[in-house]
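> Kindly generate the corresponding structure for this input.
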Amino acid sequence: MKEITIRDEFIKLGQALKLAGLCQDGVEAKMDIQEGLVKVNGETDVRRGRKVYVGDTISYKGEDIRVLGK
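Got it, this is the predicted structure:
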């Protein structure tokens, strides 16, 4: 499982995918999120602005990403 660390209370879903290195840019993240290819805590979410918090898990392209805080 990959991990990303955030400094703030939350990170937007599209930004989290870029931070994890799974998307090269915001356009790719937006398209994949809107196509229903991303899950947050096991549920598909099509909002790239979805707030993801410490402890959440993002699933994308067969990888799980856990969100950690500082």
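
> What's the first helix or strand after the longest helix belonging to the chain?
Counting residues, the longest helix found in the chain (DSSP state H) is helix 26-34. With elements assigned by DSSP states H and E, the helix or strand that comes after helix 26-34 is strand 38-40.

> List the buried residues for the longest helix of the chain?
Buried positions in helix 26-34, judged by neighbour count with 16 or more other CB atoms under 10 Å: 29-30, 32-33. (Each C-beta comes from the backbone N, C-alpha and C, glycine too.)

> Can you lay out these as JSON lines showing pLDDT and distance to residue 5?
Formatted as JSON lines, these follow (pLDDT from 0 to 100; distance: CB to CB, whole Å):
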{"residue": "29", "pLDDT": "94", "distance to residue 5": "19"}
{"residue": "30", "pLDDT": "94", "distance to residue 5": "23"}
{"residue": "32", "pLDDT": "96", "distance to residue 5": "22"}
{"residue": "33", "pLDDT": "96", "distance to residue 5": "21"}
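
> Name the nearest of the residues you listed relative to residue 69.
residue 29 (21.4 Å; CB to CB).

> thought that closest one was touching residue 19?
No - look at residue 29 against residue 19 with CB atoms under 8 Å: they stay out of range, at 10.2 Å.

> on that earlier part again, farthest pair in the buried residues of helix 26-34?
Taking CB to CB, no two of these sit farther apart than 30 and 32, at 7.5 Å.
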